[in-house]
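Trainee: A predicted structure for the sequence below; I have some questions about it.
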Amino acid sequence: MHPKLQHHGLYVITDGPRDDLLAAVTQALAGGARLVQYRDKTTDGDRRYTEASALRQLCTSHGVPLVINDDVALAAAVDADGVHLGETDADLAAARAALGANAIIGVSCYDSLERARALASAGADYIAFGAFFPSPTKPHARRAPPELLRQSAALGLPRVAIGGITPDNGASLVEAGADYLAVISAVFGATDIRAAAQRFTDLYTSTSGIAR
(Lines give C-alpha, C1' and ligand atoms only; values in the text may rest on other atoms or scores of the structure.)
Protein backbone atom coordinates (compact mmCIF):
# COMPACT_ATOMS: atom_id res chain seq x y z
CA MET A 1 0.00 0.00 0.00
CA HIS A 2 1.19 3.51 -0.78
CA PRO A 3 2.52 5.04 2.47
CA LYS A 4 0.38 8.16 2.03
CA LEU A 5 -2.83 6.12 1.76
CA GLN A 6 -2.82 4.51 5.19
CA HIS A 7 -5.24 6.94 6.83
CA HIS A 8 -8.74 6.00 5.75
CA GLY A 9 -11.70 8.35 5.76
CA LEU A 10 -13.11 11.27 3.81
CA TYR A 11 -11.76 12.06 0.33
CA VAL A 12 -12.96 15.51 -0.75
CA ILE A 13 -13.08 16.54 -4.40
CA THR A 14 -13.40 20.14 -5.51
CA ASP A 15 -15.63 20.88 -8.48
CA GLY A 16 -14.73 23.85 -10.60
CA PRO A 17 -14.11 27.51 -9.85
CA ARG A 18 -15.21 29.05 -6.57
CA ASP A 19 -13.97 32.27 -5.00
CA ASP A 20 -13.57 30.67 -1.59
CA LEU A 21 -11.77 27.52 -2.75
CA LEU A 22 -8.92 27.66 -0.24
CA ALA A 23 -11.22 28.54 2.62
CA ALA A 24 -13.59 25.72 1.67
CA VAL A 25 -10.81 23.13 1.52
CA THR A 26 -9.40 24.45 4.79
CA GLN A 27 -12.75 23.79 6.43
CA ALA A 28 -12.93 20.31 4.91
CA LEU A 29 -9.48 19.55 6.31
CA ALA A 30 -10.56 20.84 9.69
CA GLY A 31 -13.44 18.38 9.50
CA GLY A 32 -11.01 15.50 9.03
CA ALA A 33 -10.57 15.06 5.28
CA ARG A 34 -7.76 12.56 4.59
CA LEU A 35 -7.36 13.13 0.85
CA VAL A 36 -8.02 16.13 -1.40
CA GLN A 37 -8.54 16.08 -5.15
CA TYR A 38 -8.42 19.24 -7.24
CA ARG A 39 -11.00 18.87 -10.00
CA ASP A 40 -11.55 21.74 -12.41
CA LYS A 41 -12.63 21.00 -15.97
CA THR A 42 -12.29 24.58 -17.22
CA THR A 43 -9.57 25.69 -19.64
CA ASP A 44 -8.23 28.57 -17.54
CA GLY A 45 -4.69 27.27 -17.22
CA ASP A 46 -3.28 30.18 -15.24
CA ARG A 47 -6.01 30.07 -12.59
CA ARG A 48 -5.86 26.30 -12.35
CA TYR A 49 -2.09 26.40 -11.82
CA THR A 50 -2.41 29.12 -9.17
CA GLU A 51 -5.17 27.28 -7.33
CA ALA A 52 -3.46 23.90 -7.51
CA SER A 53 -0.20 25.42 -6.22
CA ALA A 54 -2.00 27.02 -3.30
CA LEU A 55 -3.82 23.80 -2.50
CA ARG A 56 -0.54 21.92 -2.60
CA GLN A 57 0.86 24.20 0.10
CA LEU A 58 -2.31 23.99 2.16
CA CYS A 59 -2.52 20.20 2.01
CA THR A 60 1.16 19.79 2.79
CA SER A 61 0.76 21.93 5.89
CA HIS A 62 -1.98 19.56 7.04
CA GLY A 63 -0.12 16.38 6.11
CA VAL A 64 -2.83 15.44 3.60
CA PRO A 65 -2.07 14.30 0.03
CA LEU A 66 -3.26 16.40 -2.92
CA VAL A 67 -4.29 14.56 -6.07
CA ILE A 68 -5.02 16.32 -9.37
CA ASN A 69 -7.95 15.16 -11.46
CA ASP A 70 -7.03 14.02 -14.97
CA ASP A 71 -4.17 16.46 -15.60
CA VAL A 72 -0.76 14.78 -15.33
CA ALA A 73 1.09 17.91 -16.51
CA LEU A 74 -0.54 20.06 -13.85
CA ALA A 75 0.20 17.48 -11.18
CA ALA A 76 3.85 17.54 -12.19
CA ALA A 77 3.97 21.33 -12.40
CA VAL A 78 2.75 21.88 -8.84
CA ASP A 79 4.51 18.82 -7.41
CA ALA A 80 1.20 17.30 -6.32
CA ASP A 81 1.19 13.96 -4.58
CA GLY A 82 -0.48 12.31 -7.54
CA VAL A 83 -3.19 12.17 -10.16
CA HIS A 84 -6.57 10.55 -10.62
CA LEU A 85 -7.30 9.03 -14.01
CA GLY A 86 -10.58 8.10 -15.68
CA GLU A 87 -10.99 5.76 -18.62
CA THR A 88 -10.54 8.55 -21.20
CA ASP A 89 -7.56 10.17 -19.48
CA ALA A 90 -3.83 9.53 -19.70
CA ASP A 91 -2.46 6.01 -19.72
CA LEU A 92 -1.43 4.80 -16.29
CA ALA A 93 2.07 3.87 -17.45
CA ALA A 94 2.55 7.30 -19.01
CA ALA A 95 1.39 8.99 -15.83
CA ARG A 96 3.78 6.88 -13.77
CA ALA A 97 6.65 7.75 -16.10
CA ALA A 98 5.85 11.46 -15.81
CA LEU A 99 5.24 11.60 -12.04
CA GLY A 100 7.61 8.98 -10.72
CA ALA A 101 7.49 5.86 -8.62
CA ASN A 102 6.36 7.67 -5.46
CA ALA A 103 3.32 9.37 -6.98
CA ILE A 104 -0.19 8.33 -6.01
CA ILE A 105 -2.05 7.21 -9.12
CA GLY A 106 -5.73 6.55 -8.56
CA VAL A 107 -8.06 5.16 -11.17
CA SER A 108 -11.80 5.15 -11.83
CA CYS A 109 -13.13 1.63 -12.22
CA TYR A 110 -16.82 2.56 -12.36
CA ASP A 111 -18.80 -0.70 -12.11
CA SER A 112 -16.06 -3.01 -13.39
CA LEU A 113 -14.15 -5.47 -11.25
CA GLU A 114 -12.27 -6.55 -14.38
CA ARG A 115 -10.99 -3.01 -14.94
CA ALA A 116 -9.94 -2.83 -11.29
CA ARG A 117 -7.98 -6.06 -11.60
CA ALA A 118 -6.23 -4.89 -14.76
CA LEU A 119 -5.29 -1.50 -13.34
CA ALA A 120 -4.17 -2.99 -10.04
CA SER A 121 -1.82 -5.23 -12.01
CA ALA A 122 -0.65 -2.18 -13.98
CA GLY A 123 0.42 -0.38 -10.80
CA ALA A 124 -2.52 1.73 -9.62
CA ASP A 125 -2.31 2.91 -6.00
CA TYR A 126 -6.05 3.00 -5.35
CA ILE A 127 -9.17 1.91 -7.17
CA ALA A 128 -12.41 3.92 -7.22
CA PHE A 129 -15.85 2.49 -7.83
CA GLY A 130 -19.16 4.27 -8.41
CA ALA A 131 -21.55 5.89 -8.72
CA PHE A 132 -23.18 4.04 -5.84
CA PHE A 133 -26.07 6.49 -5.59
CA PRO A 134 -27.55 9.14 -7.90
CA SER A 135 -24.93 11.86 -8.28
CA PRO A 136 -25.67 15.56 -8.88
CA THR A 137 -22.16 15.96 -10.33
CA LYS A 138 -22.55 13.10 -12.82
CA PRO A 139 -26.27 12.34 -13.12
CA HIS A 140 -25.75 9.79 -15.90
CA ALA A 141 -22.86 7.93 -14.28
CA ARG A 142 -22.85 4.15 -14.33
CA ARG A 143 -24.17 2.65 -11.11
CA ALA A 144 -22.04 0.28 -9.06
CA PRO A 145 -23.28 -2.23 -6.45
CA PRO A 146 -21.73 -2.15 -2.94
CA GLU A 147 -20.74 -5.78 -3.43
CA LEU A 148 -17.92 -4.53 -5.69
CA LEU A 149 -16.18 -3.17 -2.63
CA ARG A 150 -16.17 -6.60 -1.03
CA GLN A 151 -15.21 -8.40 -4.22
CA SER A 152 -12.21 -6.13 -4.79
CA ALA A 153 -10.73 -6.59 -1.31
CA ALA A 154 -8.43 -9.33 -2.59
CA LEU A 155 -6.66 -6.82 -4.84
CA GLY A 156 -5.00 -5.38 -1.77
CA LEU A 157 -5.43 -1.72 -2.74
CA PRO A 158 -7.35 1.06 -0.99
CA ARG A 159 -10.92 1.15 -2.29
CA VAL A 160 -12.64 4.47 -2.91
CA ALA A 161 -16.42 4.81 -3.15
CA ILE A 162 -17.89 7.74 -5.05
CA GLY A 163 -21.21 8.98 -6.36
CA GLY A 164 -24.06 10.58 -4.46
CA ILE A 165 -22.63 9.68 -1.06
CA THR A 166 -24.03 11.35 2.05
CA PRO A 167 -23.41 10.81 5.76
CA ASP A 168 -26.68 8.89 5.86
CA ASN A 169 -25.95 6.39 3.08
CA GLY A 170 -22.17 6.30 3.47
CA ALA A 171 -22.14 3.96 6.45
CA SER A 172 -23.26 1.06 4.28
CA LEU A 173 -20.27 1.61 1.99
CA VAL A 174 -17.84 1.75 4.91
CA GLU A 175 -19.27 -1.53 6.11
CA ALA A 176 -18.82 -2.97 2.61
CA GLY A 177 -15.12 -2.09 2.73
CA ALA A 178 -14.72 1.45 1.38
CA ASP A 179 -11.42 2.80 2.67
CA TYR A 180 -12.34 6.28 1.47
CA LEU A 181 -15.64 7.99 0.75
CA ALA A 182 -15.12 10.45 -2.10
CA VAL A 183 -17.49 13.39 -1.84
CA ILE A 184 -18.10 16.61 -3.73
CA SER A 185 -21.47 18.26 -3.20
CA ALA A 186 -22.31 16.77 0.21
CA VAL A 187 -19.30 18.62 1.62
CA PHE A 188 -18.62 21.60 -0.64
CA GLY A 189 -22.30 22.29 -1.20
CA ALA A 190 -22.98 22.41 2.53
CA THR A 191 -23.56 25.60 4.47
CA ASP A 192 -21.16 24.41 7.16
CA ILE A 193 -18.36 22.61 5.31
CA ARG A 194 -16.42 21.64 8.41
CA ALA A 195 -19.46 20.09 10.07
CA ALA A 196 -20.38 18.25 6.89
CA ALA A 197 -16.85 16.84 6.60
CA GLN A 198 -16.89 15.84 10.25
CA ARG A 199 -20.04 13.79 9.75
CA PHE A 200 -18.23 11.69 7.14
CA THR A 201 -15.14 11.42 9.32
CA ASP A 202 -17.29 10.16 12.16
CA LEU A 203 -18.40 7.21 10.02
CA TYR A 204 -14.85 5.87 10.36
CA THR A 205 -14.32 6.71 14.03
CA SER A 206 -17.68 6.13 15.71
CA THR A 207 -18.63 2.84 17.28
CA SER A 208 -21.36 2.48 14.67
CA GLY A 209 -18.79 2.55 11.88
CA ILE A 210 -15.80 0.37 11.26
CA ALA A 211 -12.52 1.43 12.79
CA ARG A 212 -9.82 1.69 10.16
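Mentor: Received, thanks. Residues are numbered from 1 along each chain as shown.

Trainee: in the protein, which strand has the most residues?
Mentor: Criterion DSSP state E: the longest strand present in the chain is strand 104-110.

Trainee: Who are the packing partners of that strand?
Mentor: strand 82-85, helix 92-99, helix 113-122, strand 126-129 (3 or more C-beta pairs under 8 Å, 6 or more residues apart in numbering; DSSP states H and E). The way it works is simple: take the backbone N, C-alpha and C, and place the C-beta from them, glycine included.

Trainee: ok, 6 Å please
Mentor: strand 82-85, helix 113-122, strand 126-129 (3 or more C-beta pairs under 6 Å, 6 or more residues apart in numbering; DSSP states H and E).

Trainee: Export these as CSV, with columns for distance to Arg199 and mean pLDDT.
Mentor: Formatted as CSV, the helices and strands packed on strand 104-110 follow (distance: least, C-beta to C-beta, whole Å; pLDDT from 0 to 100):
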stretch, distance to Arg199, mean pLDDT
strand 82-85, 23, 98
helix 113-122, 28, 97
strand 126-129, 21, 98
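
Trainee: can you state the direction angle for the longest strand of the chain and helix 92-99?
Mentor: 160 degrees (axes from the mean of the first three to the mean of the last three C-alpha atoms, to 10 degrees).

Trainee: Can you pull out the residues in contact with strand 104-110?
Mentor: 2, 65, 67, 81-86, 95, 115-116, 119, 124-129, 142 (C-beta atoms under 6 Å, 6 or more residues apart in numbering).

Trainee: Tell me how far that strand lies from the chain's centre.
Mentor: Mean C-alpha position of strand 104-110 versus that of the full chain (C-alpha atoms, centre = their mean, to the nearest Å) differs by 9 Å.

Trainee: Could you list the paired strands of that strand along with their orientation?
Mentor: Here strand 104-110 has these sheet partners by DSSP bridges: strand 82-85 (parallel), strand 126-129 (parallel).

Trainee: Adding mean neighbour count and distance to Ile104 as columns, could you present those strands in a markdown table?
Mentor: Listed next are these as a markdown table, based on neighbours: other C-beta atoms under 10 Å; distance: least, C-beta to C-beta, whole Å:
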| stretch | mean neighbour count | distance to Ile104 |
| --- | --- | --- |
| strand 82-85 | 26 | 3 |
| strand 126-129 | 26 | 7 |
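
Trainee: among those, which is nearest Ile193?
Mentor: Nearest to Ile193, of all these, is strand 82-85, at 21.0 Å by C-beta to C-beta.

Trainee: can you map out the strands along the protein?
Mentor: Going by DSSP E, the chain shows strands at 9-13, 35-38, 66-69, 82-85, 104-110, 126-129, 159-162, 180-183.
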